[in-house]
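Colleague: Structure here, sequence nowhere to be found:
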């Protein structure tokens, strides 16, 4: 389950920074590589900071594994990916470059977007792997 950041409660307690470490099951429908699936939950390690204007910056990393058939030779393949992620949440609403929130930052949309950007275009086995590391 993806936690929320209760900004109102944190401000009342004078807590302006924090860390969130959690795992969640990704939506399978965002993966469009044939014969491939997520082989483990997505692990998120995030740090948040609440600024004076009540905007909230979230930075960290997500790690996930894919398992399936190699996109070139169809042999079994599995690979782990780690991606650095970052977002800014503003109240009352985002401007297209940022995410909006009201009292509570919901990380679901941000994490879905981050995972979409982190997904490779194909899954390759060790024999078919590209020199650039994909």
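Modeller: Noted; the coordinates are in hand. Here the structure is a predicted model, which means the values were calculated and not measured.

Colleague: Okay, buried residues for the strand or helix carrying residue 112 please.
Modeller: In the assignment (DSSP states H and E), residue 112 maps to helix 108-118. Going by neighbour count (16 or more other CB atoms under 10 Å), the buried part of helix 108-118 is 110, 111, 114, 115, 118. From N, CA and C alone the C-beta is placed, and that goes for glycine too.

Colleague: What of stretch 117-126?
Modeller: Buried, per 16+ other CB under 10 Å, within stretch 117-126: 118, 119, 122, 123, 124, 125.

Colleague: Kindly check the end-to-end length of that stretch for me.
Modeller: 23 Å (CA to CA, to the nearest Å).

Colleague: Give me the residues contacting it.
Modeller: 30-31, 33, 36, 62, 64, 66, 68-73, 75-77, 79, 81, 83, 85, 130, 134 (CB atoms under 8 Å, 6 or more residues apart in numbering).

Colleague: quick revisit: now do the helix holding residue 112, average pLDDT.
Modeller: In this model, helix 108-118 carries a mean pLDDT of 96.

Colleague: which stretches of this structure form strands?
Modeller: For the chain, the strands defined by DSSP state E occupy 4-6, 17-24, 36-38, 42-50, 56-69, 76-90, 99-100, 104-106.

Colleague: neighbouring strands for the longest one, and are they parallel or not?
Modeller: In this case it means strand 76-90. strand 56-69 (antiparallel), strand 99-100 (parallel) (DSSP bridges).

Colleague: what's the neighbour count on the closest residue to residue 102 other than its chain neighbours?
Modeller: Among residues not flanking residue 102 along the chain, residue 92 sits closest, at 5.8 Å (CB to CB, 6 or more residues apart in numbering). The tally of other residues near residue 92 (other CB atoms under 10 Å) stands at 9.

Colleague: State the distance from residue 92 to residue 6.
Modeller: 16 Å (CB to CB, to the nearest Å).

Colleague: Residue 15 too?
Modeller: Using CB to CB, residue 15 is found at 10 Å from residue 6.

Colleague: what does residue 110 give?
Modeller: Separation of residue 110 from residue 6 (CB to CB) stands at 16 Å.

Colleague: Next: residue 72.
Modeller: 47 Å.
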